[in-house]
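In: when you get a sec, could you give me coordinates for this:
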Amino acid sequence: MAGDARLASTPTPMPRRDTTSSKTLVPSEEIAVEYRALREDCVRILQTWLKALSIAGEDRKAWLQGQVTNDLRDFEAGSHLDACVLTPTGQVVSAISLWALEDRFIALVPEGRFDATVERLDRMLILEDVVLEGIAGHRIISVQGPNASRALSQATELPRLSAGPGSGAMEPCLFLRHDATGSGGWTVICPEHQFTTLEEALATTAVCSEATFDVARLEAGIPRNAFDYDENTLVMELGPAFVEANVSFTKGCYTGQEVVHRIYSRGHVNRTWMGLRCEGAVSRGDRIRAAAREDAGKVTSVGWSPESGFIAGALLRREAAVPGSAVTVVSESGPVQARVEHFPLRGR
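Out: Below you'll find the predicted structure:
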């Protein structure tokens, strides 16, 4: 469809999962076992909090270059990159992952921001040959960990690059190289009728809970919609590691670029998403105090792992967002001391 392209089909509505992760995460044997499997072998998890969007049409690359924060000039078939869709004033509509196939792009979008993302992109279509289409009738499963490729190779021949269809019985599936936890892995977009076959091929791969997955992505410094950012968050507030991976400062114009470059030139934002290493359990929404200011920020995500102990993500005011500095988290059970660090937390 050229010119007045619209969302060609809408995926079957799914329950919102952006608010189901535990508000307070405490040590458990289940998390410890799953975490070790993820970091040392591989695990599988059904990612019900994501939706897939197809972006097709002859003008898709040139048009999308003007809509996202990262640079698509070298985005050819088999490529992958992360980017954000912004409002004209620089707030994050959604953080997305993109893959290029021969005939279209695939975007994974947070379920809670899918409609807003499509509406924002659709609004910028005028005469371009671009088709936005929700991928319905599919499930999204991720296999994460250092042995993810070996596990999936039992079911299919994996793409040589970062994106492509499977082979044999898995040909209808899309296999997308996707490190969602800091340990490497793949995400598979699988038709409903093929899902049982895929699960059978992965029968010996441990299942991972959403809570454990959330810990791993937090260690890796990957923010999550409705937890760590929302429609009021500026992309530059998500921290230097995220900005480096998601924002290009050498590409041409895109929606929201003026605000991004103004902040980049000025050198700082008023708050930043930072990591916390905590001496005890804290909860999402807990207030944070610092020597520099009483209202230093709030906790956005929490986790516990055998490797990192108690950790958290927090939006901190500029005066408190100092790596190595101490802050106090005001939890329901009393004050908890924490050290501020840049993401990623793992490997430091």
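
In: could you list the buried residues of stretch 214-230?
Out: 214-229 (16 or more other C-beta atoms under 10 Å). The C-beta positions use only the backbone N, C-alpha and C, and glycine is treated the same way.

In: show me how far it is from its chain's centre.
Out: 7 Å (C-alpha atoms, centre = their mean, to the nearest Å).

In: kindly report the same for stretch 239-258.
Out: 16 Å.

In: and if you look at stretch 69-88?
Out: Distance, centroid of stretch 69-88 to centroid of chain: 14 Å (C-alpha atoms, centre = their mean).

In: span of it from start to end?
Out: 12 Å (C-alpha to C-alpha, to the nearest Å).

In: quick check: mean pLDDT of it?
Out: Mean per-residue pLDDT for stretch 69-88: 97.

In: repeat that for stretch 128-142.
Out: On average, stretch 128-142 scores 97.

In: before we move on, the earlier item: and the buried residues of stretch 214-230, which two are the farthest apart?
Out: Spatial extent of those (C-beta to C-beta) is set by the pair Glu219 and Ala226 at 19.4 Å.

In: for the stretch 1-150 of the chain, what spans make up the helices?
Out: Along the stretch 1-150 of the chain, counting by DSSP state H, counting those that start in this stretch, helices occupy 29-40, 60-65, 114-123, 148-152.

In: can you give me how far the first one is from the chain middle?
Out: In other words, helix 29-40. That offset, for helix 29-40, works out to 21 Å (C-alpha atoms, centre = their mean).

In: and that helix, what does it pack against?
Out: strand 206-207, helix 210-219, strand 297-305 (3 or more C-beta pairs under 8 Å, 6 or more residues apart in numbering; DSSP states H and E).

In: contacts for the shortest one?
Out: Okay, so that is strand 206-207. Applying C-beta atoms under 8 Å, 6 or more residues apart in numbering, the contact partners of strand 206-207 are Glu34, Ala37, Asp41, Cys42, Val43, Arg44, Ile45.

In: redo the helices and strands packed on helix 29-40 as JSON lines? Include mean pLDDT.
Out: Converted to JSON lines, the helices and strands packed on helix 29-40 look like this (pLDDT from 0 to 100):
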{"stretch": "strand 206-207", "mean pLDDT": "97"}
{"stretch": "helix 210-219", "mean pLDDT": "95"}
{"stretch": "strand 297-305", "mean pLDDT": "96"}
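
In: could I get those in JSON lines, plus columns for distance to Gly164?
Out: Output for the helices and strands packed on helix 29-40, formatted as JSON lines (distance: least, C-beta to C-beta, whole Å):
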{"stretch": "strand 206-207", "distance to Gly164": "26"}
{"stretch": "helix 210-219", "distance to Gly164": "24"}
{"stretch": "strand 297-305", "distance to Gly164": "32"}
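
In: so for Asp82, which of these sits nearest?
Out: That would be, of those and by C-beta to C-beta, helix 210-219, which comes in at 12.8 Å.

In: now the helix or strand following that closest one: average pLDDT?
Out: Downstream of helix 210-219, the next assigned helix or strand under DSSP states H and E is helix 240-246. Across helix 240-246, pLDDT averages out at 97.

In: buried residues, helix 240-246. List them.
Out: Ala241, Phe242, Val243, Asn246.

In: roughly how far is the helix or strand following it from the heart of the chain?
Out: For helix 240-246, the succeeding helix or strand toward the C-terminus, using DSSP H and E, is helix 257-266. Centre-to-centre, helix 257-266 and its host chain are 23 Å apart (C-alpha atoms, centre = their mean).

In: from the contact counts, what lies against helix 257-266?
Out: Helices and strands touching helix 257-266, by 3+ C-beta pairs under 8 Å, 6+ apart: there are none.

In: buried stuff in it?
Out: Gln257, Val259, Val260, Ile263.

In: before we move on, the earlier item: could you dump the contacts of strand 206-207 to CSV with pLDDT and neighbour count?
Out: Output for the contacts of strand 206-207, formatted as CSV (pLDDT from 0 to 100; neighbours: other C-beta atoms under 10 Å):
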residue, pLDDT, neighbour count
Glu34, 97, 23
Ala37, 98, 20
Asp41, 98, 16
Cys42, 98, 25
Val43, 98, 29
Arg44, 98, 25
Ile45, 98, 24
